[in-house]
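Peer 1: here's my sequence, what's the structure:
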Amino acid sequence: MTQRPSFATWRAGGYANAAAPRRADPASLQKLAGRTMGTTWSLVFDNPAMRALDAVEATVQAALDRVIDQMSTWESGSHISRFNAAPAGSRQALPPAFAEVLGCALHWAQASEGAIDPTVGPLVALWGFGAHAQDASGAVQTPSPAALADARSRTGWRRLAFDAAAGCITQPGGLSLDLSGVAKGFAVDQVAEALQALGLRDLLVEVGGELRGLGQRPGGAPWRVRVDADGEDLPPVALNDLAIATSGDRWHAHEHGGRRWSHTIDPRTGEPASAALASVTVLHARCMQADALATALTVLGAVDGPAFAQRHGLAALFVCRDGSAPRVTATEAWRALNP
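Peer 2: Next up is the predicted model:
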């Protein structure tokens, strides 16, 4: 009787493994991570088709690099940097992705009466943040009234001549775009959609703390994430084909002369956003929208922010500083998604 060969014999004969297993094995929940845009990215995904991890990672990086090439103020050759350096009256054609992000920022700028403004670049730099922070040594100080007035004179979203249909924008002179309040969320969307095109269906992608979940975990459970609520212990949030973005002053802030200020600047006053709000978290189908809205609601503040969110049917969670303990409030749309 012929003896059936053992698995060890198959291996020795070259079956199943001639060298190390592929990086895509096993076909189960897998993780990748890296750095981009001065922060980190991560991906958790189900891989039933055993796609090679090198291909998945390359897809993520290509999507992120496209956003950087168009919208990073840290890159002198990017589309946004070229617009910022362009002479008055020059007209520039925008890539479709850039035009989409700018259109989103301008939509919420109008709806919020300037609580978010894509021309806020000079003010961001004045308060010591971003690629063009005023003091390259890293030292920060409270701007003088004269410096603040000068920076404010070089902002104003209404001055932008944006032709959405043609995908073109005209530099009126001296305006500096800064899409950091929207572009990171857009990068999350771009990665998620690129991975869908690759054939992945169930994944959780994150860039700098902004996340989007597609599909579900193995076994049918939704992707769940925790919300940073200034120390409050809140139940995890289910991302059923949803994105989540948070804006707050716990992550990027400066201090000088006893004053602490956030990187979120109120374009209407030129000052950092009020410290009354510790954070704002928004749920939306697209991370670009969630990112833009979290910024706008933070600037609107602890009173006007929730009112704006209610009027627009937004799923938003506000963590307010109220005495010794934070106060957490949620909109009706948030409670509907998180019963």
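Peer 1: contacting residues for the closest residue to His284 other than its chain neighbours?
Peer 2: Nearest in space to His284, with sequence neighbours left out and distances taken as Cβ to Cβ, 6 or more residues apart in numbering, is Ala290 at 4.0 Å. Yep, even glycine has a C-beta here, placed from its N, CA and C like the rest. Residues in contact with Ala290 (Cβ atoms under 8 Å, 6 or more residues apart in numbering) are 185, 210, 243-245, 282-284.
Peer 1: for Ala290, helix, strand, or coil?
Peer 2: helix (DSSP: H, G, I helix; E, B strand; the rest coil).
Peer 1: so how far is Ala243 from it?
Peer 2: Taking Cβ to Cβ, to the nearest Å as the measure, Ala290 and Ala243 are separated by 5 Å.
Peer 1: now do the shared contacts for these two.
Peer 2: Common neighbours of Ala290 and Ala243 (Cβ under 8 Å, 6+ apart) are 185, 210, 283-284.
Peer 1: just among those residues, which is most surrounded?
Peer 2: When the shared contacts of Ala290 and Ala243 are compared by neighbour count (other Cβ atoms under 10 Å), Gly185 ends up highest, at 31 neighbours.
Peer 1: other SSEs contacting the host helix or strand of that residue?
Peer 2: According to DSSP states H and E, Gly185 maps onto helix 180-198. Here helix 180-198 is seen to pack against strand 39-45, helix 53-71, helix 96-111, strand 203-207, strand 210-214, strand 243-248, helix 287-311 when contacts are counted using 3 or more Cβ pairs under 8 Å, 6 or more residues apart in numbering; DSSP states H and E.
Peer 1: tell me the mean pLDDT for it?
Peer 2: Average pLDDT, helix 180-198: 96.
Peer 1: begin at 21, not 1, for the rest of this chat.
Peer 2: Yes, from this point I'll number from 21; that puts the last item at helix 200-218.
Peer 1: mind listing what's buried along it?
Peer 2: 200-212, 214-215 (16 or more other Cβ atoms under 10 Å).
Peer 1: also stretch 342-359?
Peer 2: Buried, per 16+ other Cβ under 10 Å, within stretch 342-359: 346, 348, 350-351, 353-354, 357-358.
Peer 1: filter these down to just the ones in strands.
Peer 2: 346, 348, 350 (DSSP state E).
Peer 1: ok, the first one to Asp248 distance?
Peer 2: Distance, Pro346 to Asp248, by Cβ to Cβ: 11 Å.
Peer 1: surely Glu230 and Met308 touch.
Peer 2: No. The criterion here is Cβ atoms under 8 Å, and Glu230 misses it with Met308 at 9.4 Å.
Peer 1: what touches both of the two?
Peer 2: Joint contacts of Glu230 and Met308 (Cβ under 8 Å, 6+ apart) are 205, 208.
Peer 1: of all the helices and strands packed on helix 200-218, which lies closest to Ser101?
Peer 2: helix 73-91 (9.4 Å; Cβ to Cβ).
Peer 1: okay, that closest one in PDB with CA atoms only?
Peer 2: What follows is helix 73-91 as a C-alpha-only set of coordinates in PDB (Å, rounded to 0.1, in the frame of the first residue of the first chain):
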ATOM      1  CA  LEU A  73       1.300  43.400   1.500                       C
ATOM      2  CA  ASP A  74       3.900  45.100  -0.700                       C
ATOM      3  CA  ALA A  75       1.200  45.900  -3.300                       C
ATOM      4  CA  VAL A  76      -1.200  47.100  -0.500                       C
ATOM      5  CA  GLU A  77       1.400  49.300   1.000                       C
ATOM      6  CA  ALA A  78       2.400  50.700  -2.400                       C
ATOM      7  CA  THR A  79      -1.200  51.600  -3.100                       C
ATOM      8  CA  VAL A  80      -1.500  53.500   0.200                       C
ATOM      9  CA  GLN A  81       1.700  55.400  -0.300                       C
ATOM     10  CA  ALA A  82       0.800  56.300  -3.900                       C
ATOM     11  CA  ALA A  83      -2.500  57.800  -2.700                       C
ATOM     12  CA  LEU A  84      -0.800  59.800   0.100                       C
ATOM     13  CA  ASP A  85       1.900  61.000  -2.200                       C
ATOM     14  CA  ARG A  86      -0.700  62.400  -4.700                       C
ATOM     15  CA  VAL A  87      -2.200  64.500  -1.900                       C
ATOM     16  CA  ILE A  88       1.200  65.700  -0.800                       C
ATOM     17  CA  ASP A  89       2.100  66.600  -4.400                       C
ATOM     18  CA  GLN A  90      -1.000  68.800  -4.700                       C
ATOM     19  CA  MET A  91      -1.800  70.200  -1.300                       C
END
